[in-house]
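Novice: coords below, sequence missing:
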């Protein structure tokens, strides 16, 4: 399993941050590893979707659960990635901490490259969090 944990402090309102991160259809704008999102079904705060990742345009299925103003949990259920990515928004004094935690494994040949892929995902996650920070602080 590859476990990745990173966070960023954001000086903005909870509403403004949440409005950006909860627009999960717009994920490719910030998360460069996600090329495309296609929703399959939606039931209130639960979305089934197919995403296309940047690695060889591979498709993965996800079950996304949104806990308003707190957390977005994306469980990878089928594809080259299995596991989950969880975004959590926490109130810290006059700011908010946006934390991303990945707990995933890679199937097939990708399993042999776990170390390299883990570094790539960590870098991409750090870039995504910084892009979100920049968007909401401006």
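Specialist: Right, received. Where do you want to start? No experiment lies behind these values; they were computed from the predicted model shown.
Novice: give me the pLDDT value at the residue nearest the centre of the chain.
Specialist: Closest to where the C-alpha atoms of the chain average out (CA atoms, centre = their mean) is residue 85, at 5.5 Å. If you check residue 85, the pLDDT there is 97.
Novice: now for it: which residues touch it?
Specialist: 73-74, 76, 100-102, 104 (CB atoms under 8 Å, 6 or more residues apart in numbering). In short, each C-beta sits where N, CA and C put it, glycine included.
Novice: need these in CSV (columns: neighbour count and pLDDT).
Specialist: Listed next are those as CSV, based on neighbours: other CB atoms under 10 Å; pLDDT from 0 to 100:
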residue, neighbour count, pLDDT
73, 16, 98
74, 23, 98
76, 21, 97
100, 24, 98
101, 16, 98
102, 21, 97
104, 20, 93
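Novice: report the contact partners of residue 16.
Specialist: residue 136 are the contacts of residue 16 under CB under 8 Å, 6+ apart.
Novice: all numbers from here: first residue = 28
Specialist: From this message on, residue numbering opens at 28, which makes the last subject residue 43.
Novice: can I take it that it is in a helix?
Specialist: Yes - under DSSP: H, G, I helix; E, B strand; the rest coil, residue 43 falls within a helix.
Novice: so for it, what's the pLDDT?
Specialist: As predicted, residue 43 sits at a pLDDT of 96.
Novice: now do the helices in this structure.
Specialist: All helices of the chain, identified by DSSP state H, fall at 41-48, 141-164.
Novice: how about the first one: buried residues?
Specialist: This points to helix 41-48. 44-45, 47-48 (16 or more other CB atoms under 10 Å).
Novice: and the helices of the chain: which comes nearest residue 76?
Specialist: Nearest of the helices of the chain to residue 76, taken as CB to CB: helix 41-48 at 15.7 Å.
Novice: make JSON lines out of the contacts of residue 112 and add distance to residue 74.
Specialist: Putting those into JSON lines (distance: CB to CB, whole Å) gives the following:
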{"residue": "100", "distance to residue 74": "11"}
{"residue": "101", "distance to residue 74": "9"}
{"residue": "103", "distance to residue 74": "13"}
{"residue": "127", "distance to residue 74": "18"}
{"residue": "128", "distance to residue 74": "19"}
{"residue": "129", "distance to residue 74": "19"}
{"residue": "131", "distance to residue 74": "19"}
